[in-house]
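Asks: with the input below, show me the fold.
(2 chains)
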Number of protein chains: 2
Amino acid sequence: MSTSSGAHGGSVTMRDVAKAAGVSVATVSHVVNDKAGARIGEDTRLRVQEAVAALGYRPNALAKTLSQGTSRFIGLVTDQVATTPFAGQIIHGAQDEAWKHGYVLLVANTDGNEAVEGDAIAMMLEHQVHGILYSTWYHREIAVPEALHQTDTVLVDCFASESGLPSVVPDEVQGGRTATQELLAAGHRRIAFINTTTPSPAQSGRLAGYRSALEEAGIAFDEALVVPASPEQEGGYDATAAILASGATAVFCHNDRVAMGLYDGLRDQGLRIPDDIAVIGFDNQEVIAAHLRPPLSTVALPHYELGATGVRVLLGMESAPTSGPLLIACPSIRRESV
Amino acid sequence: MSTSSGAHGGSVTMRDVAKAAGVSVATVSHVVNDKAGARIGEDTRLRVQEAVAALGYRPNALAKTLSQGTSRFIGLVTDQVATTPFAGQIIHGAQDEAWKHGYVLLVANTDGNEAVEGDAIAMMLEHQVHGILYSTWYHREIAVPEALHQTDTVLVDCFASESGLPSVVPDEVQGGRTATQELLAAGHRRIAFINTTTPSPAQSGRLAGYRSALEEAGIAFDEALVVPASPEQEGGYDATAAILASGATAVFCHNDRVAMGLYDGLRDQGLRIPDDIAVIGFDNQEVIAAHLRPPLSTVALPHYELGATGVRVLLGMESAPTSGPLLIACPSIRRESV
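Replies: Numbers count the residues shown, from 1 in each chain, chains lettered A, B, ... in the order given. Below you'll find the model as predicted:
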């Protein structure tokens, strides 16, 4: 290593501060660690704080944790930080909210590997985390790792019905309803829905939202308008023929990747979006949604809010219902495809 | 919170272990913390370890850090975890490598905000990190935050020429050469390069690699074949006319997003990839590269390796040259567009 300026955390000690302030080391410790019950005069406290600032003394966070018996860590266990930007946004929201309240996030990525997950949770317990956010990169039901019961836990973007653990998830039904309402508001009556073939809360929830928006608009549900597809570009492309055969004038796609594939399929047929057929996606996926031709109107998955809300629930600032997950709204993002 | 099984980190104490093993608490502490210099008989050590296992005692990692004077934390400061999967892959590689050597990663996302960055580094110093990896989501030169000089630091995906700090970055020149060589190997002689308009090591390095591959192949460099574009889908689409005018039979795109836009532009002209024109990208960007039609051949940015190598350099297991950054190879990813 070429850096060697040395002493980690600075070389100013508590003794230096005590000397500068003309007080005992114990007094400095009490002021710095903000010990409850220690009787310290206001002027003494001020003198110590001035010496701390003047000397650039950096209190040792670990010693502080030990003296107070709880840490300022919140653990975040995530299964897929590497392959989608989704986990990144959960981390982002959780970190911003944690910092706001003086907590630091310990992040562990598990790749869905149980052994790594066990190690990650053990590591967090050893560091006396205040609690753990356990998150998945797509909304699903999980089996709760046993070790999570040793600390306070909030599930983020996942849930475990029987566990009694609080959970924060996207409102898939409202999201599906919102997407469909955007197409209805543009005058469409015959609206197809390309849904994923993978059973999940997103599959059932978005379908329920689609149906409820149609019902509200007095439009009968037509099974023929629901086209199953793998939830990727390839699935959207392959659904093109079924969409054209259905006579739909607008399509709600299960996600933005499906919409990207459908764009290619429609273009191959010489159709223009939105003039010939309107398209709305779901997810508001970075790198894709804003950069398709035309830019894709969609409904956003609120990953940042999931992370931030998870922290607030963990810290007791917001509560999750005991009957089921706390639902976070999926907002409409209007661009040029509707 | 609905979890209340209670005591963080388990309720077994060092005293319980001492009682079960028939030794003093000090002896347990020495064994558990693996104190150098403490003379403990092998059978005593064994008895303590058995009691630890039998009771499920969880040593307090914070106390251990204090007793040993150094922590098992490595800090990772990153500027953009949320908006690209790139930072996620750096985190992934750094975490895997850190864990392999018994270290835990403290991750802080700064959004490029200097105040947040200052707080993040201060937090890490307070937690007595072993050192810090400072990373950016795209390869560039940085000004080193002053506080980083208080601990060992390795720059990841960035560098600071005058700082003397070790740095690990992708080998842009080799990557550009590799991309061009793939097109040459497919028989192309007139190869265009859509380069970014943003000055960066990627801009100059990939161009240098492109030129050196042409030179090796005995092909004269033709300025007219280098087309400037904004490094996104929109830039690739807008470059289509210039590419067609250049008479190129193959195109090396600055990144996969540019290639995605070029795909749309070529398709609008009724051209097929790779039959009418071959395309290679750069980055191997998740969500895009493998899912274009046809799947995009590209050169991968080695984000996982950047993170892992950064940790090895920080731990002194690998060294960066003093004369400049340690270069990590960008491998070719063959799909169907060449």
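Asks: next SSE downstream of the least confident helix or strand in chain A by mean pLDDT?
Replies: Least confident helix or strand, chain A: helix A:61-68 with a mean of 61, by mean pLDDT, DSSP states H and E. Going down the chain from helix A:61-68, the next helix or strand is strand A:73-78, by DSSP states H and E.
Asks: what residues does that following strand touch?
Replies: A:87, A:90-91, A:94, A:98, A:103-110, A:117, A:120-121, A:124, A:127-137, A:151, A:307, A:311, A:314 (C-beta atoms under 8 Å, 6 or more residues apart in numbering or on different chains). (C-beta placed from N, C-alpha, C; glycine too.)
Asks: could you export that strand as PDB, CA atoms only?
Replies: What follows is strand A:73-78 as a C-alpha-only set of coordinates in PDB (Å, rounded to 0.1, in the frame of the first residue of the first chain):
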ATOM      1  CA  PHE A  73     -26.200  -0.500  12.700                       C
ATOM      2  CA  ILE A  74     -29.100  -1.700  10.700                       C
ATOM      3  CA  GLY A  75     -28.500  -4.800   8.600                       C
ATOM      4  CA  LEU A  76     -29.800  -5.200   5.100                       C
ATOM      5  CA  VAL A  77     -29.800  -8.700   3.600                       C
ATOM      6  CA  THR A  78     -30.500  -8.700  -0.100                       C
END
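Asks: please point out which parts of that strand sit buried.
Replies: Using 16 or more other C-beta atoms under 10 Å in any protein chain shown as the test for burial, strand A:73-78 gives A:F73, A:I74, A:G75, A:L76, A:V77, A:T78.
Asks: coming back round to it: go through the contacts of strand A:73-78 and flag which are in helices.
Replies: Of the contacts of strand A:73-78, the ones assigned to helices by DSSP state H are A:A87, A:I90, A:I91, A:A94, A:A98, A:E117, A:A120, A:I121, A:M124, A:G307, A:V311, A:L314.
Asks: just for the stretch 1-150 of chain A, where's the confidence low?
Replies: A:1-11, A:33-38, A:59-70, A:81-84 (pLDDT under 70).
Asks: stretch A:259-271 near chain B at all?
Replies: Yes. If you take C-beta under 8 Å from any C-beta of the partner chain as the test, stretch A:259-271 does meet chain B, through A:M260, A:G261, A:D264, A:R267.
Asks: pLDDT wise, what is the second one at?
Replies: Same thing as A:G261. Looking at A:G261, its pLDDT reads 98.
Asks: so what's it up against?
Replies: Listed by C-beta under 8 Å, 6+ apart, the contact partners of A:G261 are A:E232, A:Q233, A:E234, A:G235, A:G236, A:Y237, A:D238, A:A239, B:H291, B:R293.
Asks: just checking, which of the residues you listed belong to helices?
Replies: Those of the contacts of A:G261 lying in helices (DSSP H): A:Q233, A:E234, A:G235, A:G236, A:Y237, A:D238.
Asks: which stretches of chain A form strands?
Replies: Under the criterion DSSP state E, chain A contains strands at A:73-78, A:104-109, A:132-141, A:153-159, A:167-170, A:191-196, A:226-229, A:250-253, A:278-280, A:298-299, A:326-328, A:332-333.
Asks: can you give me the domain boundaries for chain A?
Replies: Annotated domains of chain A cover A:14-68, A:73-170+A:304-329, A:172-301 [automatic domain parsing].
Asks: using JSON lines, lay out the ones you listed together with distance to B:I243.
Replies: JSON lines is the format used below for the domains of chain A (distance: least, C-beta to C-beta, whole Å):
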{"stretch": "domain A:14-68", "distance to B:I243": "56"}
{"stretch": "domain A:73-170+A:304-329", "distance to B:I243": "29"}
{"stretch": "domain A:172-301", "distance to B:I243": "17"}
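Asks: and stretch A:51-58 with chain B, contact?
Replies: Yes. Shown here: stretch A:51-58 in contact with chain B (C-beta under 8 Å from any C-beta) through A:R58.
Asks: roughly how far does A:S135 sit from chain B?
Replies: Distance of A:S135 to chain B, computed by C-beta to the nearest C-beta, to the nearest Å: 13 Å.
Asks: show me what contacts that residue?
Replies: A:S135 makes contact with A:76-79, A:87, A:90, A:155-158, A:306-307, A:310 under the criterion C-beta under 8 Å, 6+ apart.
Asks: quick one: which of the residues you listed is nearest to A:E50?
Replies: Comparing the contacts of A:S135 against A:E50 with C-beta to C-beta places A:L76 closest, at 37.1 Å.
Asks: is the closest one bridged to anything, and to what?
Replies: In this entry, A:L76 is beta-bridged to A:V107, A:L133, by DSSP bridges.
Asks: nearest the middle, which residue of chain A would you pick?
Replies: In chain A, the centroid-proximal residue (C-alpha atoms, centre = their mean) is A:I90; its distance is 2.7 Å.
Asks: what pLDDT does the closest residue to it other than its chain neighbours get?
Replies: Among residues not flanking A:I90 along the chain, A:G307 sits closest, at 4.0 Å (C-beta to C-beta, 6 or more residues apart in numbering or on different chains). We have a pLDDT of 96 for A:G307.
Asks: A:G307 reaches A:A98, doesn't it?
Replies: No. Counting by C-beta atoms under 8 Å, A:G307 stays clear of A:A98, with 9.0 Å between them.
Asks: out of those two, which sits in the more crowded spot?
Replies: Neighbours were counted for A:G307 and for A:A98 using other C-beta atoms under 10 Å in any protein chain shown; A:G307 has more, 30 against 26.
Asks: quick one, what contacts that one?
Replies: Each residue near A:G307 by C-beta under 8 Å, 6+ apart is listed here: A:L76, A:Q89, A:I90, A:I91, A:H92, A:G93, A:A94, A:Q95, A:E97, A:L133, A:S135, A:V156.
Asks: wait, which of the residues you listed is closest to B:T27?
Replies: Using C-beta to C-beta, A:L76 comes nearest to B:T27 of the contacts of A:G307, at 36.7 Å.
Asks: neighbours around A:R293, how many?
Replies: A:R293 has 18 neighbours, counted by other C-beta under 10 Å.
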